[in-house]
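**Student:** just the structure for this:
(2 chains)
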Amino acid sequence: MAKHATPKLDQLESGPWPSFVSDIKQEAAYRAANPKGLDYQIPVDCPEDLLGVLELSYNEGETHWKHGGIVGVFGYGGGVIGRYCDQPEQFPGVAHFHTVRVNQPAAKYYHTDYLRQLCDLWDLRGSGLTNMHGSTGDIVLLGTQTPQLEELFFELTHKMNTDLGGSGSNLRTPEACLGMSRCEYACYDTQACCYALTMEYQDELHRPAFPYKFKFKFDGCPNGCVASIARSDFSVIGTWKDDIKIDQAAVKAYVGGELKPNAGAHAGRDWGKFDIVAEVVERCPSKCISWNGSALSIKTSECVRCMHCINTMPRALRIGDERGASILVGAKAPVLDGAQMGSLLVPFVEATDPFDEIKEVIEKIWDWWMEEGKNRERLGETIKRLSFQKLLEVTEIAPQAQHVQEPRSNPYIFFKEEEVPGGWDRDITEYRKRHQR
Amino acid sequence: MEEAKNKVVEFLQSKAGSKSKFYFNDFLDLFPDKGPRDVKKILTALVNAEVLEYWSSGSTTMYGLKGAGKQAGAEGE
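**Tutor:** As a prediction, the model looks like this:
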């Protein structure tokens, strides 16, 4: 018999998808049975109280969570997010229900033994409920009480060699795609880069000093498996400079049907025979591919690295050999201003260990943003407010063609008088005689 | 360093009547000659000495004198 009647939540379980309600009920039953005989450090019935408080919110149409507080582990300004329930008598199990963010391993490679240790620790010192993983990529441990935090932190850092992640006005836990470990498209070692930068910027990760959050993400190629271009203030995306390598015999094999396009991904229905013109040539956003019936050619200067042709015919087309990464800045989800995608700042860096060129750009950006950024303003909003040109100035990057979206209608970069040989002379009153305001 | 720490504490005490939590940027104005990284070092030292404490909403972090303003005790602890 459940502790609280939850008819509204029960209804959620009837849908076609796996339900978080079923998961919480399962954990509640497991904690009640306690097969391992654990000496639970927080109330046994906290998953049931969690369901109870949610049902109450559904009934009343308002939340019973209070937001924020002075919780954390000593010396850290992030990693723990205080959550308190405003109905502690009714739901004592979730009176405090703090969230702990834990830095995930690079590209989320786990050893099962590690996962068991983590779950055992969280069963003992927390609610047993986890979120694998939060949007930023961390392991999210949901629900514990203040006295457990230091204990948990000690166990994580000393026995499991794992650190807390970032929260608050910090550098957030950096995230990388699985990169060279499994993917032939990786243009640089994303995991190495993610690790190097995480270690370099420990202070920024744990001690808040930014106007708001700041996120790094590392994609090995423009497919963008961690979607860095859409959700990180500083995204490093793998790219290459030279030609896409073409194996003409394999192209013919795709056309002839010996090789399955998209590695057989679209095989569930009758899609018909592979049509290279319709599915590859005409899909090219910059129209740089041509197929003459026996050979495929790509005009590299026009290619925008969209990856479509490579994804469709991975056996025939390969990324080029002159590899590195592009750096884009300013992406964010909507809070103050609307959602924004990243803007290209550095068209190409080599991106090799120790990643000094990348660190240099980051530090220049931080110095500027920490000084000029308003409270709760993301980098993208600072750029919008003070101009991209200002960002180029502070990062000491010369404006170049790749920074300009539409050169003829929107020059985007304005020249200053001292940048133009000979400067310019303009008498504004003389000009206004001929041109009204 | 000691002088800088006192400056921070004095600033916070002078505001104690009206405000108890401050953004990091609020402290930059106290030290126009220092860069943000130096200011962070001062604040971190004060937090480690338990003179200041962090307050975090989860998305934003603020600083205040330890014990000032509405405390966790008032929030159901």
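
**Student:** once you drop chain neighbours, what's closest to A:R172?
**Tutor:** Excluding its sequence neighbours, the residue lying closest to A:R172 (Cβ to Cβ, 6 or more residues apart in numbering or on different chains) is A:G166, at 4.1 Å. For the C-beta atoms, the positions are set from N, CA and C on the backbone; glycine is no exception.

**Student:** oh sorry, the question was meant for A:A209
**Tutor:** B:K40 (3.8 Å).

**Student:** quick one, what contacts that neighbour?
**Tutor:** A:203, A:207, A:209, B:24 (Cβ atoms under 8 Å, 6 or more residues apart in numbering or on different chains).

**Student:** 10 Å instead, please
**Tutor:** Going by Cβ atoms under 10 Å, 6 or more residues apart in numbering or on different chains, B:K40 touches A:203-204, A:207-210, A:370, B:24, B:27-28, B:34.

**Student:** tell me how far it lies from A:V361.
**Tutor:** Per Cβ to Cβ, to the nearest Å, B:K40 is found 20 Å from A:V361.

**Student:** tell me the helix or strand right after the longest helix along chain A.
**Tutor:** Identified as the longest helix of chain A according to DSSP state H is helix A:356-372. Elements were assigned by DSSP states H and E; along the chain past helix A:356-372, the next helix or strand is helix A:379-386.

**Student:** go through that next one and flag the buried ones.
**Tutor:** A:379-384, A:386 (16 or more other Cβ atoms under 10 Å in any protein chain shown).

**Student:** angle of the very next helix or strand once past that helix against helix A:356-372?
**Tutor:** The element immediately downstream of helix A:379-386 (helix or strand, assigned by DSSP H and E) is helix A:388-395. With axes from the mean of the first three to the mean of the last three Cα atoms, to 10 degrees applied, the angle from helix A:388-395 to helix A:356-372 works out at 120 degrees.

**Student:** list the helices and strands the lowest-mean-pLDDT helix or strand in chain A packs on?
**Tutor:** Here the helix or strand of chain A ranked lowest by mean pLDDT, DSSP states H and E is strand A:65-67, holding a mean of 83. Applying 3 or more Cβ pairs under 10 Å, 6 or more residues apart in numbering or on different chains; DSSP states H and E, one finds that strand A:65-67 contacts helix A:46-60, strand A:83-85.

**Student:** for chain B, what spans make up the helices?
**Tutor:** Going by DSSP H, chain B shows helices at B:2-14, B:24-28, B:36-48.

**Student:** from the ones you listed, which stretch is densest packed?
**Tutor:** helix B:24-28 (a mean of 21; mean count of other Cβ atoms under 10 Å in any protein chain shown).

**Student:** and that helix, average pLDDT?
**Tutor:** Across helix B:24-28, the average pLDDT comes to 93.

**Student:** packing partners of that helix?
**Tutor:** Packed next to helix B:24-28, using 3+ Cβ pairs under 10 Å, 6+ apart, are helix A:356-372, helix B:2-14, helix B:36-48, strand B:61-65.
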